[in-house]
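Q: Predicted model and sequence below, questions to follow.
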Amino acid sequence: MKFGILINEGPYQHQASDSAYQFAKAALAKGHQIYRVFFYHDGVNNANRLTEPPQDDRNVTQQWSQLAAEHGIDLVVCVAAALRRGIKDEILAPRFRISGLGQLVETGIQADRLVVFGD
Amino acid sequence: MKFGILINEGPYQHQASDSAYQFAKAALAKGHQIYRVFFYHDGVNNANRLTEPPQDDRNVTQQWSQLAAEHGIDLVVCVAAALRRGIKDEILAPRFRISGLGQLVETGIQADRLVVFGD
Amino acid sequence: MTILHTINKSPFQTTDLDSCLRHARKGSAILLIEDAVYAAMGNTGISERVGEALKNTNVYVLGPDLDARGLERERVVRGVEIVDYGGFVDLAVEHDHVQAWV
Amino acid sequence: MTILHTINKSPFQTTDLDSCLRHARKGSAILLIEDAVYAAMGNTGISERVGEALKNTNVYVLGPDLDARGLERERVVRGVEIVDYGGFVDLAVEHDHVQAWV
Amino acid sequence: MSADDGAEAANERTERNVKRFLFVNRKAPYGTIYALEALEVVLISAAFDQDVTLVFLDDGVCQLKKGQQTKETGMKNFSPTYRALEGYDIEKLYVEKESLEHRGLTADDLLVPVKVLTTEEIGALMDQQDIVISF
Amino acid sequence: MSADDGAEAANERTERNVKRFLFVNRKAPYGTIYALEALEVVLISAAFDQDVTLVFLDDGVCQLKKGQQTKETGMKNFSPTYRALEGYDIEKLYVEKESLEHRGLTADDLLVPVKVLTTEEIGALMDQQDIVISF
């Protein structure tokens, strides 16, 4: 089955991105496909490559970059939400790309299920 | 009177930073002093100079930079919270500085009132 | 000592107002800001609770946040005082400390 | 059609669980994740409400989120089923759509 | 409200690759950005020619309150955009009766014409969707 | 709990430029970061030789639940830090009785020794502070 994932909160402040990551890993392990992960609202902050958490903690951004590299997942950051919050190409982590909100609607159309992780 | 202000949320997602800004302006207009504005948790995202909201909306980061320039306000971003969220000197807006959590405790000690704006 | 309690979340969505009201002592002040301003309105499911609170505490609401949400000032519960940001500052000065129920 | 409802906020702090329970139709499923896992625990101020919900809906709770918060699996309300992330995925597959009460 | 629009309409949707999108608005405006950014998604969705429905419940009903004046807070008043939805052929706006009443509001307090539904009817509406995006 | 520690102690605090800091913890751990980052402020405050008190109420009481195991969620288990507070001479930890009971918990469920207070007593404690930082 093809899953779309929507993440509405930034890393660390809320568990949303962690939960979505665990969900995505479990879905892949079961042979499902992740059609796209769309980052909206403060979710765009997950794409900031400058993130540098304490060494004994997970790096949420790197986890997404790596999962995307391993499984060819499309990580899309909403351009309007990103501009508002200062997430631009110059600080974008690997495998993330900035695009329009249409990519979220398209995810809804193409994926079999859309799972939302929020505040 | 000397006010300390603590901001716990990033710009736009929550009203916290807007409310704090209006409070600070009103306090200054009444002849009070803002001892320091401390940015903690996602509040550190207020310091991202790459922020570029739509033209018909306020620029929360610029507002703080300008208010600080006009009134000599100390804008301090917590280093631990900032590292976790990828806010570093290279993207720091004018007049913000990154420092330790001790600056928050010190604000509590030195200011007559500490006002917290959060989630 | 007297406290200025601030609440910023909708009373319909979170239990923050409830918790504040349980802890606020006689003579303290409560200021409703941001999404908490809905608590100041009359004829809602929680207006009575706010009316009760007025017996022991002074309740204020931030006018600019009422206006932003299109809440008519004349529909505010009787006894709740409307202040602007300057009034918020004054309240912070007048009380010994400010406690946010974030 | 059947819906998988997900809730992620503490039932003691927000009204999200209440709202979900009011809208969830007979036969739908509710999955408690993140801070909503407190709703799965027995002997709390809201356990009864969850017990009521079990009559019409299937209630699940995410085990890893229980563990993170130190909530003993044996103290979970009888009838609430504990799943892991793989179980979350299965539930999403089994239902026609997923609706988050964020 | 066409609670069940029948097998014919369903078939037509499948052929045109049209899905039923439900946007669930449950948050008050201004305190958080969800209402504003939700509206941005809704507007974009219009360009995709999908079957779009908006439902406002809990504090979401407050998004539609008339007379919003944000000047003194320094924030942008985005409420006029709700009036623009009709121009994008987004016409299915449902508001929950119980949520309105609990907040002391009636349909007359709202800035756009909406259909008021009961909790039961909203629950039924949710059941009929393909994609639910909640804010 | 020394509800009122008298004029003498108050004078001594003023001379030493010591303020009464109250950290109010009202949020559950892990769902949001507030509990973890609150603890970081508390630890720093110890270095400033202030009069520090921690109060846990509402969902904040859940921060102290024994047996937290975060491995499967991928998050960091920060609960052992509460046990370290004593080493920093932060010993005034108060937990609200009503909040515990409402969540089906008792002091035995908590990972550090605390003093359990009623809502009324917590209210009194709040009144006696100079600085209140809430998370």
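A: In hand now; what should we look at?
Q: quick one: the helices in the chain?
A: Because you didn't say which chain, this covers chain A. A:16-29, A:60-71, A:79-84, A:102-110 (DSSP state H).
Q: meant chain E actually
A: E:6-15, E:34-46, E:80-84, E:97-102, E:119-127.
Q: Pull out the buried residues from the last one.
A: Meaning helix E:119-127. E:Glu121, E:Ile122, E:Gly123, E:Ala124, E:Leu125, E:Met126, E:Asp127 (16 or more other Cβ atoms under 10 Å in any protein chain shown). For the C-beta atoms, the positions are set from N, CA and C on the backbone; glycine is no exception.
Q: same deal with the first one?
A: Going by neighbour count (16+ other Cβ under 10 Å), the buried part of helix E:6-15 is E:Arg13.
Q: Contacts for it, please.
A: E:Val18, E:Lys19, E:Arg20, E:Asp51 (Cβ atoms under 8 Å, 6 or more residues apart in numbering or on different chains).
Q: Neighbour-wise, give me the winner out of these.
A: Within these, most neighbours by other Cβ atoms under 10 Å in any protein chain shown means E:Lys19, with 21 neighbours.
Q: any idea how far A:Leu114 is from the residue nearest to it when sequence neighbours are not counted?
A: Nearest non-adjacent residue to E:Lys19, counting by Cβ to Cβ, 6 or more residues apart in numbering or on different chains: E:Asp130, 4.0 Å away. Note on E:Asp130: its distance to A:Leu114, by Cβ to Cβ, to the nearest Å, is 9 Å.
Q: any common contacting residues for these two?
A: A:Gly108, D:His97.
Q: Mind checking which of these two has more residues around it?
A: A:Leu114 (28 against 20).
Q: Show me which residues of chain A sit near chain F.
A: For chain A, the contact set with chain F under Cβ under 8 Å from any Cβ of the partner chain comprises A:12-15, A:18-19, A:21-22, A:54, A:56-58, A:63.
Q: switch to 6 Å and redo it
A: By Cβ under 6 Å from any Cβ of the partner chain, the residues of chain A that approach chain F are A:Tyr12, A:Gln13, A:His14, A:Gln15, A:Asp18, A:Asp57, A:Arg58.
Q: Can you say which of those residues are buried?
A: A:Tyr12, A:Gln13, A:His14, A:Gln15, A:Asp18, A:Arg58.
Q: Quick one: residues contacting the residue in chain A positioned nearest to chain F.
A: Closest residue of chain A to chain F, Cβ to the nearest Cβ: A:Asp57 (4.4 Å). Contacts for A:Asp57 (Cβ atoms under 6 Å, 6 or more residues apart in numbering or on different chains) come out as F:Lys76.
Q: That one and chain C, how far apart?
A: Using Cβ to the nearest Cβ, to the nearest Å, one gets 24 Å for the distance from A:Asp57 to chain C.
Q: how about residue 119, what does it touch?
A: Defaulting to chain A. A:Glu9, D:Val102.
Q: other chain: chain E
A: By Cβ under 6 Å, 6+ apart, the contact set of E:Thr119 is D:Arg22, E:Glu98.
Q: 7 Å instead?
A: Taking Cβ atoms under 7 Å, 6 or more residues apart in numbering or on different chains as the criterion, E:Thr119 is in contact with D:Arg22, D:His23, E:Glu96, E:Glu98.
Q: got it, and E:Thr53?
A: E:Thr53 neighbours (Cβ under 7 Å, 6+ apart): E:Arg20, E:Phe21, E:Leu22, E:Lys92, E:Tyr94, E:Leu125.
Q: So what does the residue nearest to E:Lys19 look like in phi/psi?
A: The phi and psi values for E:Asp130, taken as degrees, to the nearest 10, are phi -100, psi -40.
Q: Model confidence at the residue nearest to the spatial centre of chain C, what's the number?
A: With distances taken as Cα atoms, centre = their mean, C:Leu32 lies nearest the centre of chain C, 3.0 Å away. Looking at C:Leu32, its pLDDT is 98.
Q: Dig out what it forms beta bridges with.
A: C:Ile7, C:Val61 (DSSP bridges).
Q: do you know how far it is from A:Ile109?
A: Taken as Cβ to Cβ, the span from C:Leu32 to A:Ile109 is 42 Å.
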